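S.K.: Fold the following for me, if possible:
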Amino acid sequence: MSKQREPLVTNIFTADPSAHVFNDKIYIYPSHDLPHDGEDNDNGDEYQMQDYHILSMDNLDADCVDNGEALHMNDVPWVRDQMWAPDVAYKNGKYYLFFPARDKEGIFRLGVAVSDKPEGPFKPEDNCIEGSFSIDPASFVDDDGTVYVYNGGLWGGQLEKWQTRTFDPNGTEPDKDAPAYGPVCGIMNEDMKSYKVKPVEIKILDEDGNPIKAGDEERRYFEGPWMHKYNGLYYLSYSTGTTHFIVYATSENPMGPFTYRGKILEPVIGWTTHHSIVEYHGKWYLFYHDCELSGGINHRRTVKYTELEYNADGTIKTISPYDHK
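M.R.: Here you go, the predicted structure:
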């Protein structure tokens, strides 16, 4: 029986799913929402995640399994709190979990933890990745084995505070008529624990080749990047934040520039929207989250998935998340 558009697990609240296929099974690397009665705010203080639980499915019709705690912030020496949306990459026979968290000074950095198994447990490095900043890492292993890590998020994710590549607590978003800030992308060394190329900004352009403007909130980058490749073309997808869409842009180069192409997912219940895209047995699937199960409580989200379809010209058909209801 299809599990599409239904919560994959309900024993815990999960969000920000990064889906991958390893050994012909689907593994989902989500964040773990902890229920509490604190207030919501633009800084994301309601998202008090402390650990990661890796989910897995033998196939897309099978029950989804919570494999238990794979990593806790108490095991990571540099972390103070808020281990948010993670991702994983497979390289050299190991699984590398990339994750964001606030360091002892309250600044978001990226860390890495290693396991021999896709479900963990993961052993973290003692220090964050040197030169890393902001949130929402998304790893992409290209056909030549190069590992790219895309990341960045505005507001609570602090991306606007890093525009000089030094943390500026007073950093702000650009004026509405100025180019929007894009995500950043770094290339990993063979050890997967350090940058070969430190993060550089990825440019997102409109159909006329002009940068998407900060005031264009239906198309501009906000957070939650994801990279996948389809028919030789690179697809960068991301959340628009304030307008709650998942949209995408394409390029012939993984470092861009990317050209905006359209919407993938209409708004879901809840403020945040965060996704991943994966191929399994010849079909493509979108993994995402919403707050339907919790009645709209922003920090009590659940992971779902649905099939994603392409048009003949390579564009993606827009998905309305509740059309099946």
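
S.K.: residues touching the residue nearest the centre of the chain, list them.
M.R.: Geometric centre of the chain, nearest residue: G224, 4.2 Å, by Cα atoms, centre = their mean. By Cβ atoms under 8 Å, 6 or more residues apart in numbering, the contact list for G224 reads D16, A85, D136, A138, G153, Y238, S239, I246, T273, H274, H275. Where C-beta positions appear, they are placed from N, C-alpha and C, glycine not excepted.

S.K.: now, which of those sits nearest K94?
M.R.: A138 (18.5 Å; Cβ to Cβ).

S.K.: can you count the residues close to the closest one?
M.R.: By other Cβ atoms under 10 Å, the residues close to A138 number 27.

S.K.: Tell me the predicted confidence for it.
M.R.: Looking at A138, its pLDDT stands at 98.

S.K.: Likewise for S2?
M.R.: In this model, S2 carries a pLDDT of 69.

S.K.: and the gap between P30 and P169?
M.R.: As defined by Cβ to Cβ, to the nearest Å, P30 lies at a distance of 30 Å from P169.

S.K.: no wait, W162
M.R.: From W162 to P169 the distance is 11 Å (Cβ to Cβ).

S.K.: out of the two, which sits in the busier spot?
M.R.: Ranked by neighbour count (other Cβ under 10 Å), W162 and P169 place W162 first, with 21 against 8.

S.K.: Number of residues surrounding the closest residue to E309 other than its chain neighbours?
M.R.: Nearest non-adjacent residue to E309, counting by Cβ to Cβ, 6 or more residues apart in numbering: K317, 4.6 Å away. As a burial measure, K317 scores 12 neighbours (other Cβ under 10 Å).

S.K.: before we move on, what about I202?
M.R.: I202 - counted by other Cβ under 10 Å - has 25 other residues nearby.

S.K.: again, but for V114
M.R.: For V114, using other Cβ under 10 Å, the count is 15.

S.K.: Show me how far the strand or helix carrying it is from its chain's centre.
M.R.: Using DSSP states H and E, V114 maps to strand 108-115. Computed by Cα atoms, centre = their mean, to the nearest Å, the chain-centroid distance of strand 108-115 equals 14 Å.

S.K.: what's the next secondary structure element after that strand?
M.R.: Immediately after strand 108-115, counting by DSSP H and E, sits strand 123-124.

S.K.: Can you list the helices and strands that the next helix or strand after that following strand packs against?
M.R.: Counting by DSSP H and E, the next helix or strand C-terminal to strand 123-124 is strand 138-141. When contacts are defined as 3 or more Cβ pairs under 8 Å, 6 or more residues apart in numbering; DSSP states H and E, strand 138-141 packs onto strand 87-91, strand 147-151, strand 223-230.

S.K.: For stretch 210-226, the averaged confidence score.
M.R.: On average, stretch 210-226 scores 98.

S.K.: What is the end-to-end distance of stretch 254-271?
M.R.: End-to-end distance for stretch 254-271, by Cα to Cα, to the nearest Å: 29 Å.

S.K.: Could I get the buried residue list for that stretch?
M.R.: Of all the residues in stretch 254-271, those buried under the rule 16 or more other Cβ atoms under 10 Å are 254-256, 258-261, 263-265, 267-271.

S.K.: Now go through these and say which are in strands.
M.R.: F258, T259, Y260, R261, K263, I264, L265 (DSSP state E).

S.K.: could those go into CSV alongside pLDDT and distance to P100?
M.R.: Conversion of those to CSV gives the following (pLDDT from 0 to 100; distance: Cβ to Cβ, whole Å):
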residue, pLDDT, distance to P100
F258, 98, 22
T259, 98, 27
Y260, 98, 25
R261, 98, 27
K263, 98, 26
I264, 98, 23
L265, 98, 22
